[in-house]
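J.: give the three-dimensional model of this entry:
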Amino acid sequence: MMRQKEKRLIAAFYTTHDAMAFEDYCQGHGIPGRLIPLPREISAGCGLAWSAPPEIEDVLPGSLQDAGIAAQHLVLLEI
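T.: From the prediction side, this is the model:
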């Protein structure tokens with residue numbers, strides 16, 4: 001049985017360090033999501049991305065800024 005695709009907000013990072021630092025930031029601030037392998041639809045500097053529910057689209061850019069991390073891509077994808 002194939003898993004049903006769902007829309008996710010994806011933040012891709014320049015470095016693995018940034019991805020892991022953002023994971024720590026999100027866990028410490030109660031921001032939903034998790035690290036995933038970079039979806040093949042995106043080309044980015046590191047192989048990890050933050051996958052979050054699309055409902056937090058307004059929150060995620062500010063969270064990245066507060067964490068001092070630049071996302072290479074911030075897109076809504078069906079994965």
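J.: every contact and neighbour count from this point should use C-alpha atoms.
T.: Noted.
J.: quick one: pLDDT of the spatially most central residue of the chain?
T.: Nearest to the mean C-alpha position of the chain, counting by C-alpha atoms, centre = their mean, stands Trp50 at 2.1 Å. At Trp50, the model reports a pLDDT of 98.
J.: so for stretch 56-68, what gets flagged as buried?
T.: Using 16 or more other C-alpha atoms under 10 Å as the test for burial, stretch 56-68 gives 57, 60-61, 63-64.
J.: roughly how far out does the longest helix seen in the chain sit from the chain middle?
T.: In the chain, taking DSSP state H as the definition, the longest helix is helix 16-29. Computed by C-alpha atoms, centre = their mean, to the nearest Å, the chain-centroid distance of helix 16-29 equals 10 Å.
J.: can you check stretch 69-79 too?
T.: Centroid separation between stretch 69-79 and its chain, computed with C-alpha atoms, centre = their mean, is 6 Å.
J.: quick one: average confidence on it?
T.: Regarding stretch 69-79, the rounded mean pLDDT is 96.
J.: convert it to CSV, retaining C-alpha atoms only.
T.: The C-alpha atoms that make up stretch 69-79 are tabulated as CSV, following Å, rounded to 0.1, in the frame of the first residue of the first chain:
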residue,chain,number,x,y,z
ILE,A,69,19.5,30.5,10.4
ALA,A,70,19.0,31.2,6.7
ALA,A,71,17.0,28.7,4.7
GLN,A,72,18.1,28.0,1.2
HIS,A,73,14.6,27.2,0.1
LEU,A,74,11.2,27.6,1.9
VAL,A,75,8.5,25.9,-0.2
LEU,A,76,5.2,24.2,0.1
LEU,A,77,5.4,20.7,-1.4
GLU,A,78,3.2,17.6,-1.7
ILE,A,79,5.4,14.8,-0.4
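J.: touching it from outside, list them.
T.: Residues from elsewhere that reach stretch 69-79, judged by C-alpha atoms under 8 Å, 6 or more residues apart in numbering: 5-14, 18, 22, 39, 42, 44-45, 54, 64.
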